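Student: Show me how the following folds:
(4 chains)
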2 protein chains.
Amino acid sequence: MDAQSIKVACSSCNLRELCLPMGLNVEEMDKMDNVISSRRRIKRGTALFSTGEKFTSLYAVRSGFFKTCVTTADGRDQVTGFQMTGEILGMDGIVNDLHSCDAVALEDAEVCVMPFDQIEELSREFTTLQHHVHKIMSREIVRDHSVMLLLGSMRAEERLAAFLLNLVQRLHARGFSQSELILRMTREEIGSYLGMKLETVSRTFSKFVEDGIIDVKQRYVHIKDTDGLRRIVNPQTCG
Amino acid sequence: MDAQSIKVACSSCNLRELCLPMGLNVEEMDKMDNVISSRRRIKRGTALFSTGEKFTSLYAVRSGFFKTCVTTADGRDQVTGFQMTGEILGMDGIVNDLHSCDAVALEDAEVCVMPFDQIEELSREFTTLQHHVHKIMSREIVRDHSVMLLLGSMRAEERLAAFLLNLVQRLHARGFSQSELILRMTREEIGSYLGMKLETVSRTFSKFVEDGIIDVKQRYVHIKDTDGLRRIVNPQTCG
DNA sequence: CGTAGTCTTGAATTTTGTCAACAGTAGTGG
DNA sequence: CCACTACTGTTGACAAAATTCAAGACTACG
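Tutor: Sure thing, here's the model as predicted:
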């Protein structure tokens, strides 16, 4: 077991308002601290969990950046999401007690381990936590639906614009810039997530640069014209 | 309120092993009967719920067939799923207390109304129900991921083949034929779900017919060669 | 029986993918 | 610390896939 256990407390975590314990009172937070008994460090490029592994816990991203991806029998691969600080990983495993995707760290990361049986136990006791668990799963469902919309009905430019807007919005919610970001994933991973080839991702970036909407230097992106991106995603409503 | 209330009991429902009360004991089932106090009939073409409506309940499909779809500001539309008997609708609404998609009946249908606050209350009492609620939400997440895989990495023929296999498998689990089905949705709705235009759906059906894999007459489909369909979805593994 | 909706098919066009060459970057080990 | 190497990213030319537009046939419903 390479899992490194570190005793930590939700109650003193600066992410608690983004994370699972959101909205808990002092008593509830205390109990939560007992449930979240360990953290685990994940090195860049390695998996937090993999397809077929037994499901035991949900994980809250404490630091770092993850991708989740599903793989078919014939080796096809699809990135289903990118997860950053405060986001929850592992809900795919509940239904069959097995994980149905891989969660891979795109940079050195740390997660809080939340044994699911204890989450269930505690959420029978505290309505707030119970409801929050439901909300987090529902949020994942709604998010997935918006990815389906993107994959099913948008063209390459629209997809990439929507992707950038989504990333920068989530980063901004975590105190980062609204206009600058460092991509933690390759063009190929972006392409997999957006249902396009890496060459198309690269070309589309180049087009946005030509049009003066963004600057790109490798993983660094500067959004010069947020409304320009919005217009690409939503041609009608933004004129 | 056009909702027609009919007193019914899970305990005497022939769908209980597919549906939310799966695996409950007699006592639990009794309490469940109190929660699911009404059914509602939905006419073909009308919505069980719509985007923006207040979320109050989950719904179990008792009879009939639904689609769910999300819509963008600029009128783009994406079918996110088709739901048949025993499947649960409405989980999209939990996170914001508002529905984020439309659920439209594709034929006259009937659903069991399950007020969510009562589901939560009961699932604090019964571990079995609590866990089953979690499983149902997790199953939806896993299902959504497989749709992303389909939309992100498959070509038109593969998508349609996967779609047909999935439909017939779910119908078979409900006692219908493994090889014959009646589509309840239009080519346009199939296309929206699969991220392709209705003409492409039509052409792909025609190709499958030419290749002797299926017979199609409008909404009626006869699968003559299930393995042929499997080979289309999974070129490598099925040789 | 008529009409609106649904489905099929063809031809031209657009979009994206494929293949290939090359350039830039980061990490490794001497 | 530098050079090597593997990985990542860009761009061009061409090919393949899917969309668009259009015409017409079929079906089901009132």
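
Student: residues contacting the residue most central in space within chain A?
Tutor: Geometric centre of chain A, nearest residue: A:Gln83, 1.8 Å, by C-alpha atoms, centre = their mean. Going by C-beta atoms under 8 Å, 6 or more residues apart in numbering or on different chains, A:Gln83 touches A:Val61, A:Phe65, A:Phe66, A:Lys67, A:Thr68, A:Leu89, A:Ala103. The C-beta positions use only the backbone N, C-alpha and C, and glycine is treated the same way.

Student: could you flag which of those are buried?
Tutor: Buried subset of those (neighbour count, 16 or more other C-beta atoms under 10 Å in any protein chain shown): A:Val61, A:Phe65, A:Phe66, A:Lys67, A:Thr68, A:Leu89, A:Ala103.

Student: Sort out for me which of those residues are in strands.
Tutor: The strands, defined by DSSP state E, take in A:Val61, A:Phe66, A:Lys67, A:Thr68, A:Leu89, A:Ala103 from the buried ones among the contacts of A:Gln83.

Student: any idea how far the fifth one lies from B:Cys112?
Tutor: Computed with C-beta to C-beta, to the nearest Å, the distance linking A:Leu89 and B:Cys112 is 33 Å.

Student: can you narrow the ones in strands among the buried ones among the contacts of A:Gln83 to ones near DNA strand D?
Tutor: Among these, none lies close to DNA strand D by the criterion of C-beta under 7 Å from any atom of the strand.

Student: A:Pro66 reaches A:Glu107, doesn't it?
Tutor: Just to correct that, residue A:66 is Phe rather than Pro. No - the pair A:Phe66 / A:Glu107 is not scored as a contact, 9.0 Å apart, by C-beta atoms under 8 Å.

Student: anything in contact with each of these two?
Tutor: If you check A:Phe66 and A:Glu107 against C-beta under 8 Å, 6+ apart, no residue is contacted by both.

Student: residues in chain A within reach of DNA strand C, list them.
Tutor: A:Arg155, A:Ala156, A:Glu157, A:Gly195, A:Met196, A:Lys197, A:Glu199, A:Thr200, A:Lys217, A:Gln218.

Student: List the contacts of the fourth one.
Tutor: It refers to A:Gly195. Neighbour list for A:Gly195: A:Leu151, A:Arg159, B:Leu151, B:Gly152, B:Ser153 [criterion: C-beta under 8 Å, 6+ apart].

Student: And the pLDDT at the first one?
Tutor: What that stands for is A:Leu151. At A:Leu151, the pLDDT value in this model is 98.

Student: Could you report the neighbour count for it?
Tutor: For A:Leu151, the count of nearby residues is 23 (other C-beta atoms under 10 Å in any protein chain shown).

Student: Same question for the fourth one.
Tutor: For B:Gly152, the tally of surrounding residues (other C-beta under 10 Å) stands at 25.

Student: Just want the phi and psi numbers for the residue lying closest to A:Met84 once chain neighbours are set aside.
Tutor: Nearest residue to A:Met84 in three dimensions, chain neighbours excluded: A:Phe65, at 5.5 Å (C-beta to C-beta, 6 or more residues apart in numbering or on different chains). Here is the backbone geometry of A:Phe65 (degrees, to the nearest 10): phi -150, psi 130.

Student: Could you pull up the residues touching A:Phe65?
Tutor: By C-beta under 8 Å, 6+ apart, the contact list for A:Phe65 reads A:Phe82, A:Gln83, A:Met84, A:Ala105, A:Leu106, A:Glu107, A:Ala109, A:Arg184, A:Met185.

Student: and these, which are buried?
Tutor: The buried subset of the contacts of A:Phe65 - by 16+ other C-beta under 10 Å - is A:Phe82, A:Gln83, A:Met84, A:Ala105, A:Leu106, A:Ala109, A:Arg184, A:Met185.

Student: now, which of these sits nearest B:Cys19?
Tutor: A:Gln83 (31.8 Å; C-beta to C-beta).

Student: From chain B, how far off is the residue lying closest to the closest one once chain neighbours are set aside?
Tutor: Spatial nearest neighbour of A:Gln83, excluding adjacent residues (C-beta to C-beta, 6+ apart): A:Phe66 at 4.4 Å. Applying C-beta to the nearest C-beta, to the nearest Å, the value for A:Phe66 to chain B is 15 Å.

Student: Identify the bridge partners of A:Phe66.
Tutor: The partner list for A:Phe66 in beta bridges (DSSP bridges) reads A:Gln83, A:Ala105.

Student: Need the pLDDT of it.
Tutor: Looking at A:Phe66, its pLDDT reads 97.

Student: Let me see the contact set for it.
Tutor: By C-beta under 8 Å, 6+ apart, the contact set of A:Phe66 is A:Leu48, A:Phe82, A:Gln83, A:Met84, A:Leu89, A:Ala103, A:Val104, A:Ala105, A:Leu106, A:Ala109.

Student: want to throw those into CSV with distance to B:Cys10?
Tutor: Converted to CSV, the contacts of A:Phe66 look like this (distance: C-beta to C-beta, whole Å):
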residue, distance to B:Cys10
A:Leu48, 38
A:Phe82, 40
A:Gln83, 37
A:Met84, 41
A:Leu89, 34
A:Ala103, 36
A:Val104, 42
A:Ala105, 44
A:Leu106, 45
A:Ala109, 44
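
Student: Any part of the longest helix seen in chain A near DNA strand D?
Tutor: When chain A is parsed with DSSP state H, its longest helix is helix A:127-153. No - Helix A:127-153 lies apart from DNA strand D when judged by C-beta under 7 Å from any atom of the strand; the minimum separation is 8.9 Å.

Student: now the angle between helix B:127-153 and that helix, please.
Tutor: Interaxial angle, helix A:127-153 versus helix B:127-153 (axes from the mean of the first three to the mean of the last three C-alpha atoms, to 10 degrees): 20 degrees.

Student: Now the following helix or strand past helix A:127-153 - C-alpha only, PDB.
Tutor: Next helix or strand after helix A:127-153 toward the C-terminus (DSSP states H and E): helix A:156-173. Extracted as PDB, the C-alpha positions of helix A:156-173 are listed here (Å, rounded to 0.1, in the frame of the first residue of the first chain):
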ATOM      1  CA  ALA A 156     -15.200  21.700 -32.800                       C
ATOM      2  CA  GLU A 157     -14.900  25.500 -32.200                       C
ATOM      3  CA  GLU A 158     -18.000  25.500 -30.000                       C
ATOM      4  CA  ARG A 159     -16.700  22.600 -28.000                       C
ATOM      5  CA  LEU A 160     -13.300  24.100 -27.300                       C
ATOM      6  CA  ALA A 161     -14.800  27.500 -26.500                       C
ATOM      7  CA  ALA A 162     -17.200  25.900 -24.000                       C
ATOM      8  CA  PHE A 163     -14.400  23.900 -22.500                       C
ATOM      9  CA  LEU A 164     -12.200  26.900 -21.900                       C
ATOM     10  CA  LEU A 165     -15.100  28.900 -20.400                       C
ATOM     11  CA  ASN A 166     -16.000  26.100 -18.100                       C
ATOM     12  CA  LEU A 167     -12.400  25.600 -16.900                       C
ATOM     13  CA  VAL A 168     -11.800  29.200 -16.300                       C
ATOM     14  CA  GLN A 169     -15.100  29.600 -14.400                       C
ATOM     15  CA  ARG A 170     -14.200  26.700 -12.100                       C
ATOM     16  CA  LEU A 171     -10.700  28.100 -11.600                       C
ATOM     17  CA  HIS A 172     -12.100  31.500 -10.800                       C
ATOM     18  CA  ALA A 173     -14.400  30.000  -8.200                       C
END
